[in-house]
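Chemist: 3D, please:
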Amino acid sequence: MRIKGIIGFIVVNVLLSVFGFFCAEGMTKSVIESLGSSVVGAKVELADVKISFTKLSLKLEGLQVTDSDDYMKNLVEVREIRFQLGLTQLLEKKISIEDTAIEGIRVGTTRKTSGKLSEEDESFLGQAWSKGQDMISDELQQLPARQMLKGKEKVDVSGLVDPVKLTAPAEFTKTQTLINTNSQNWNDSLNKLNVTTRAAAIKQQLATVNLKEKDVRKLKKELKKVKKINKNIKTLKSQVDKTTTRIRTDYKAIEQAINNVEQAKENDYQAIVSKLDMKNVDKSEMAQLVFGPVWMDRANDWLYWLDKYQKFMPTADEKEKKAEAWKRIEGTTIAFPKEKSYPAFFLKKALLSAGGAEGELTFQGQVTDISSDPVLTAKPIVISAQGKNPDFTLAGNLDHTGPVSRDTFDLNMTGIDLKDFSLGKSSLLPGKIASGQAEIKVNLVAEGEELTLDIIIRPRDLIFNPADIPEGDAAKEIVTVLTTASKKEAQKPLKISGTLSGRKGERLKLKLDSNIDQLLMDRLKKMLQTRVDETKKMVKQRIDQLINQPKKQLMGQFNQKKGVMEGLIASKKSVLTEVTSMAKNQVSSLEKRIKKQGVKRLKDKFKLPGK
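Modeler: Numbers count the residues shown, from 1 in each chain. All right, here's what the predicted structure looks like:
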């Protein structure tokens, strides 16, 4: 099942093995095991290493490479690997392998001890493509429809209602700021009017008015004085009224902002439940929902080996950057011309073959032009292999001769036995396949930092054990569809295809589809609708829990500040009412006195003598 990994591992270990040629046998064994383990992600072990300096040969015996998916099995086991080196290149401290023989290759053999690395060893593992792949895996697990199809489990509403993604809390913050800013402005604007001080000054002015004056002319003068004071009172009152109007307009703005919180809450609810509505589920989501995690697991194998290989093979640009970093500050190196120059390590050709027992994997292949400096050799690495049980062809071209690398792989496999094939941990798929076969086509193109990986899988005659099927109607429906669609007599044989593309270190884009997407969607929609309705109620309750209490507190805070401000406005207006009343009374009193004194004056003026 993992022939791609076998070829990649052998190529990498050829490099690692020869690099240790000049070390003692024990050190060479240790280096190969250590570095090999870091490449594979599980234990790599050698029974023996033999170095002959007289024959210029290196022999590795009993190579075991653990399967990182099953630590009690070997991904590959090789009885013997022999290398014959060129003398001329060795004299130049360079390694050129003239002949290679790899014998006794077996896959899937049982180990006597676990091949799991210790935690310390695992800390050195990693891959450059993992960031983008992990992002997609997380997204697949968080698909709303996947949440809805978790058998008898309750839907994880907390996962659907993420407080960080809600818009209502942002409205809270905005409204809170509005309340705090405005309440301070309200105080400042009222205090700026100096109502109390100005009213006290008005009272003092009114206290100086002589209401008992008998002279009409003087009374009129006093009346004029009071009217002037009254005019100032009206100006102050107008200023207070305008300020009060502005403040109460702010009240309405804040009340509207609080209402916006309620609208934002409703928008949040609609945004979440719209994802749950099965009317909006596109059939393309079905493939991602059902096959996404399994497909990504297979794709990750390719990304893993691609990353490991690329670290060993520099491009022209990478070579130039490395040379620049080591450029000497002083001195000049004079290089004498040579008729032919070799890289530090050069494997011209390696023949690969394995002939197992009947029913076991057998294959033949070759790898050419592996070097530590492909720019110098100007030759890409070419890999070709073909075999049986299962039938496969593999072709690879790894070109790092130019400024930008271009790596391509094409793998075609037929007759793959799916017995006990693991489908990973899924709430929608069985844990493994009881029996069945498959065809797989893989095409990988990695050009510089850009990647495109296409995988097409055609399963046949799938059978699942009931004990391996997860609980829940959804898993049973999916198994029924897969079993029916994979039968030989099916009108449209089951086909699952996917493309993974993107840039290294960034989020990769995944597109998956199958020819049963529509059928899956139709059968799952009916079953899901009841759970959708129940989940909508739970989402509403969860949002209410997150929003209603803070909203109530916000409203309480606003009403408290509004109450304080209304009390302050009332006290200012009370002072104005008092001085207004005083001025009004004085005007009335003076006008009456003027009238009275005027009548008296007329009577005195026209009074007849003797009367």
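Chemist: Strands along the stretch 501-611 of the chain, start to end?
Modeler: Assigned by DSSP state E, counting those that start in this stretch, the strands in the stretch 501-611 of the chain fall at 509-514.
Chemist: ugh, typo on my part, it should be the stretch 251-400 of the chain
Modeler: Counting by DSSP E, counting those that start in this stretch, the strands of the stretch 251-400 of the chain are 345-355, 362-371, 381-388, 391-399.
Chemist: Give me the average confidence score over whichever helix in the chain runs longest.
Modeler: As assigned by DSSP state H, the longest helix anywhere in the chain is helix 517-605. For helix 517-605, mean pLDDT rounds to 84.
Chemist: repeat for stretch 117-137
Modeler: Averaged over stretch 117-137, pLDDT sits at 49.
Chemist: Now residue 498: which helix or strand?
Modeler: Secondary structure from DSSP states H and E places residue 498 in strand 496-503.
Chemist: Summarise which helices and strands that strand is packed against.
Modeler: helix 130-141, helix 284-312, strand 450-463, strand 509-514 (3 or more CB pairs under 8 Å, 6 or more residues apart in numbering; DSSP states H and E). Just so you know, the C-beta spots here come from the backbone N, C-alpha and C atoms, and that holds for glycine as well.
Chemist: Next, the buried residues of it.
Modeler: If you call a residue buried by 16 or more other CB atoms under 10 Å, then strand 496-503 has these buried ones: 496, 497, 498, 499, 500, 502.
Chemist: Tell me the strands beside it, with direction?
Modeler: Sheet pairing of strand 496-503 (DSSP bridges) gives strand 450-463 (antiparallel), strand 509-514 (antiparallel).
Chemist: which outside residues touch the longest one?
Modeler: Around strand 450-463, the neighbours that count as contacts under CB atoms under 8 Å, 6 or more residues apart in numbering are 129, 295, 298-299, 302-303, 306, 418, 433-446, 482-483, 486-488, 493-504, 508.
Chemist: cutoff 6 Å now
Modeler: Applying CB atoms under 6 Å, 6 or more residues apart in numbering, the external contacts of strand 450-463 come out as 299, 302, 434-445, 482-483, 486, 494-501, 503.
Chemist: so how far is that strand off the chain centroid?
Modeler: With CA atoms, centre = their mean, to the nearest Å as the basis, strand 450-463 stands 25 Å off its chain's centre.
Chemist: for stretch 575-589, same thing?
Modeler: Computed by CA atoms, centre = their mean, the chain-centroid distance of stretch 575-589 equals 71 Å.
Chemist: from here on, count from 24
Modeler: Noted, 24 is the first residue going forward, which turns the last one into stretch 598-612.
Chemist: Output the strands paired with strand 519-526 in a markdown table, with distance to residue 253 and mean pLDDT appended to each entry.
Modeler: Shown next, in a markdown table, are the strands paired with strand 519-526 (distance: least, CB to CB, whole Å; pLDDT from 0 to 100):
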| stretch | distance to residue 253 | mean pLDDT |
| --- | --- | --- |
| strand 473-486 | 84 | 89 |
| strand 532-537 | 78 | 82 |
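Chemist: Mind checking these for the one nearest to residue 228?
Modeler: Shortest separation from residue 228 across the strands paired with strand 519-526 is recorded for strand 532-537, at 80.9 Å, computed as CB to CB.
Chemist: which parts of that closest one are buried?
Modeler: Residues of strand 532-537 classed as buried: 533, 535, 536, 537 (neighbour count, 16+ other CB under 10 Å).
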